[in-house]
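Undergrad: Got a sequence here, can you build the structure:
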Amino acid sequence: MGALPVLVENLVVRYGSKAAVAGVTFSVKPDEIYGLLGPNGAGKSSVIKVMVGLAQPASGSARSTCSPSLSARSWVYLTTSPSLERLATR
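TA: Numbers count the residues shown, from 1 in each chain. Sure thing, here's the model as predicted:
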């Protein structure tokens, strides 16, 4: 089998002295859909930022073997806003 499209190994992301991500490891196989779920502050956005090159890891690695054009189309980033959550629960 070829290289995995996404491979994250022992990823650590820090903002100052705070570890936003501590030792995350996962891989995504070809044609697999993967989601990062968790509460606010869990580090989901930090993992994605490292994957797309917007942040640097303190240690570990995160790589994608997708071509740049495919990679740009392959990422979906969904977020919530406290105001939207409040409206949705009325």
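Undergrad: tell me which element the closest residue to V24 other than its chain neighbours falls in.
TA: In this structure, V24 finds its nearest non-sequential neighbour in L11, 4.5 Å apart by CB to CB, 6 or more residues apart in numbering. Placement of C-beta: from N, CA and C, glycine included. When elements are assigned from DSSP states H and E, L11 belongs to strand 6-15.
Undergrad: what's the model's confidence in that strand, averaged?
TA: What strand 6-15 shows for mean pLDDT is 94.
Undergrad: So what are the sheet partners of the helix or strand harbouring A20 and their directions?
TA: Taking DSSP H and E as the definition, one finds A20 inside strand 18-28. Strand pairing for strand 18-28, using DSSP bridges, gives strand 6-15 (antiparallel).
Undergrad: what residues does the strand it pairs with touch?
TA: 19-28, 34, 43, 46-47, 49-51, 55, 57-66 (CB atoms under 8 Å, 6 or more residues apart in numbering).
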